[in-house]
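K.L.:
A predicted structure for the sequence below; I have some questions about it.
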Amino acid sequence: MREQSTDSQSPDQPGTSIDDGRNAELRLPLAEERVVVSKRDVEKLAAHIALRTESEDVTVTEPLRTERVEVERVPVDRLVAKVPETRVEGDVTIIPVVEEVLVVQYRIFEELRITRHVETAEHTATVTLRRQEAIIDEAAGDELPVDPGSGGRSR
């Protein structure tokens, strides 16, 4: 004959005593799992970046400076004791051309007078300008927790 437990608890619950006539059995809980739900911030780290280059023809006008020289030969028949140096008078550079004569004297027989003429003219040309633009398409990537102490970045 079986004795029934006078306990009002179910035999499968912890702390329940079962008596089947032979041995009384006591069940004690040893471990228990609990669920803890929490939230965390994550940051997407993957993005697709494409570069798009646009070309545009534009007309530009820029002053171009050109310089040409004019050489004038001026005969000078003068004796000198030493070779004179090149000199500048205004915008004219004078280079003495000498010849040595039998006696140690120098005679200037000619001077080269070089005059600079500067001209500025507008020059128009068509040039191609290129501009690049980065197109960022955020893709779903690995999500990492945001470290609040790192300014929003996690790595």
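P.N.:
Yep, it's here.
K.L.:
make it CA atoms for all contacts and neighbour counts henceforth
P.N.:
Will do.
K.L.:
Find me the pLDDT at residue 100, would you?
P.N.:
If you check residue 100, the pLDDT there is 83.
K.L.:
what separates the residue lying closest to it once chain neighbours are set aside from residue 121, distance-wise?
P.N.:
Nearest residue to residue 100, sequence neighbours excluded (C-alpha to C-alpha, 6 or more residues apart in numbering): residue 106, at 5.5 Å. To residue 121, residue 106 is 45 Å away according to C-alpha to C-alpha, to the nearest Å.
K.L.:
The two - which one has more neighbours?
P.N.:
Set residue 106 next to residue 121 and count neighbours by other C-alpha atoms under 10 Å: residue 106 wins out with 18 against 11.
K.L.:
ok, that one - contacts?
P.N.:
Residues near residue 106 by C-alpha atoms under 8 Å, 6 or more residues apart in numbering: 79, 80, 81, 82, 83, 98, 99, 100.
K.L.:
Show me the beta-bridge partners of it.
P.N.:
Beta-bridge partners for residue 106, by DSSP bridges, are residue 80, residue 100.
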